[in-house]
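> build me a model from this:
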Amino acid sequence: MKKAACKLIAGLVIIAVCLFSTITPAMAFTIGEERELGEKLLFTVRSAFELVDDPDIVQYINRIGQSVLEVAGVQYFDYHFFVINDKQFNAFAAPSGLIFFYTGLIATMKSEDELVSVIAHEIGHIVKRHLASRMETGKYSTIASIGLAIAALAFGGAAAPALLTGALATGQSISLHFSRLHEEEADLLAYGWMKDLDRDPGGQVKMLKSMRRIARYRSDKLPQYLLTHPNPEARLQYIESLIDAEYAEKNVEISSVADDFDFLRFKYRILSQIKDSVLFKISLDRVIANEKASELDKIMAYYGLSQISKNENDYDLGLEHLQKVIDYFPEKNILLVDKGVIEFEGGRFKEAKISLEDALHRDSTDMYGTFTLAKLLYRVGRLTEAESYLRTVTYHLPEYSQIYFELGQIASDKNQTGLSSYYLGKYYLYEGKLKSAEMGFKKAIRNSDTPAPIQAESKELLEKIKRLRK
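Below is the predicted model of the structure:
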């Protein structure tokens, strides 16, 4: 979606919100209907948004999300967490456990506790089914109306002017502003879960203070997150009162088990991909030169510089910056993966293979290293080994579309035409391109060389596409 179109949509939303009446809870989605909607949303998000979508980012954000879910108790839905490449200060929870974070929001965060507080808050909205209670049953079933629902959640309105016109004609609507009661409910759940995780509730306070600051200085044009999650001042007072009541009176010191290495690495990997490299370099150099900056902040600034250098194809400088971080954190296995990635992209396959295999020997669950090693093995012609590693990634990250593209290439190189069509079908399915996915699965079924189990699964996936389109 182009920026101009997004701005137009945002303007139309104001009209839509003024014209639409609030859906009553009596007309809300059931659990089953919300699950069905969630499945349709899951297969359209990649076509609707530009995601920061590699195994490293996906694993981190999902690990943090799952840690909250472990203390939140039994859930109705399977949760999925996504990072959207957009400088807006925004995040939103879609029905049935789909949670989205914009890179613009992540850029404002200083610690993992702040990230956890936002994740927990959004999970709180889903647990309490705040959004589902405002969505009218039967109005969001087709792919077209799913696009409307996604855009309404993300931008506050319809997916396009034509869809908005249709929505006005049929009365489809979502009351997008969470009430003060809903915000308090989600904040209270987030506060309790953070305590259960031995997280510092101060992270929640810091995030709300950032929201308050933005609300004050951008009152003429509030970010969408502050429109859908209003009253940061009242929310801040509420959380601070909880902390005062629980900690101050008991003279208990707040502590946290958070290690911000993983968060800062996650943040800098994202920012190195989306920010202007010159401006980002300047900001990182300032951190290194700042006498008041912590040792951790200075070291992780070198990590950010290593990622910028990698993206600019200056692999020697990238490795030089990264080595400073490795020397400071010799126990952090993921840095060995980062080293292997830079070596691989710089064409140093022998060194990269050693680094990646060493990293995976220490931690075989790291899918960033596994996926990179698979691509390396493919490049040097070791197709069977590459395929084996890629299958491992499909087990841990079954919805990561790029895996199936790589597997399709290997199958094609092996002259396994039917299998290649099947993998490309899955690639397009998870990219939200249902027509292309349908073509791939049909080709796989028609090909006599396609293994019987793959033909059977292709037929099942074709049936799924039919259900998604209803």
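> dead centre of this protein: give me the residue that sits there.
Per CA atoms, centre = their mean, the C-alpha nearest to the average position across the chain is that of Phe82, at 1.6 Å.
> tell me the secondary structure at that residue.
For Phe82, the assignment made with DSSP: H, G, I helix; E, B strand; the rest coil gives strand.
> quick check: pLDDT value at it.
On the pLDDT scale, Phe82 is placed at 92.
> can you name the residues bridging to it?
Phe100 (DSSP bridges).
> check contacts around it.
Neighbouring residues of Phe82 by CB atoms under 8 Å, 6 or more residues apart in numbering: Val45, Phe49, Leu51, Asp53, Ile61, Leu98, Ile99, Phe100, Phe101. The C-beta positions use only the backbone N, C-alpha and C, and glycine is treated the same way.
> wait, a strand at the fourth one?
Spelled out, it's Asp53. No - under the criterion used here (three-state DSSP), Asp53 is coil, not part of a strand.
> I'd like the distance between it and Arg63.
Distance, Asp53 to Arg63, using CB to CB, to the nearest Å: 16 Å.
> who's more crowded, the two?
Asp53 (18 against 11; other CB atoms under 10 Å).
> the more buried one touches Arg46, doesn't it?
Yes - counting by CB atoms under 8 Å, Arg46 is a contact partner of Asp53 at 7.5 Å.
> hey, what's in contact with both of these two?
Ser401.
> got the contacts of Phe82 as a markdown table, with distance to Pro451 and pLDDT columns?
As requested, the contacts of Phe82 are arranged in a markdown table below (distance: CB to CB, whole Å; pLDDT from 0 to 100):
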| residue | distance to Pro451 | pLDDT |
| --- | --- | --- |
| Val45 | 30 | 77 |
| Phe49 | 34 | 80 |
| Leu51 | 31 | 88 |
| Asp53 | 29 | 86 |
| Ile61 | 35 | 96 |
| Leu98 | 33 | 88 |
| Ile99 | 36 | 91 |
| Phe100 | 37 | 89 |
| Phe101 | 39 | 91 |
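> tell me the domain ranges of the chain?
Listed domain ranges for the chain are 3-248, 400-470 (source: automatic domain parsing).
> the helix or strand where Arg63 lies vs strand 80-84, what angle?
Secondary structure from DSSP states H and E places Arg63 in helix 55-72. Angle of helix 55-72 versus strand 80-84, following axes from the mean of the first three to the mean of the last three CA atoms, to 10 degrees, is 140 degrees.
> how far does helix 55-72 sit from the chain's center?
10 Å (CA atoms, centre = their mean, to the nearest Å).
> dump the domains of the chain into CSV; add distance to Lys375 as well.
CSV is the format used below for these (distance: least, CB to CB, whole Å):
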stretch, distance to Lys375
domain 3-248, 11
domain 400-470, 7
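> any idea which of the ones you listed scores lowest on pLDDT?
Among those, domain 3-248 scores lowest, with a mean of 74.
> which ones are touching Leu397?
Leu397 is in contact with Pro55, Val58, Gln59, Met367, Ile403, counting by CB under 8 Å, 6+ apart.
> again, only using 6 Å
Pro55, Met367 (CB atoms under 6 Å, 6 or more residues apart in numbering).
> ok, Thr372 next?
Thr372 touches Val341, Phe344, counting by CB under 6 Å, 6+ apart.
> and the pLDDT at it?
The model's pLDDT for Thr372 equals 98.
> quick one: it and Gln75, what's the gap?
32 Å.
> same question for Thr392.
In terms of CB to CB, Thr392 sits 27 Å off from Gln75.
> of those two, which one has the most company?
Thr392 (19 against 12).
> grab the nearest non-local neighbour of that one.
Closest residue to Thr392 apart from its sequence neighbours, by CB to CB, 6 or more residues apart in numbering: Thr370 at 5.6 Å.
> so the one you found touches Ser388, yeah?
No - Thr370 is beyond contact range of Ser388, at 10.0 Å (criterion: CB atoms under 6 Å).
> now do the contacts for Lys442.
Counting by CB under 6 Å, 6+ apart, Lys442 touches no other residue.
> so for stretch 339-351, what gets flagged as buried?
For stretch 339-351, the neighbour count (16 or more other CB atoms under 10 Å) marks Lys339, Gly340, Val341, Ile342, Glu343, Phe344, Glu345, Gly346, Arg348, Glu351 as buried.
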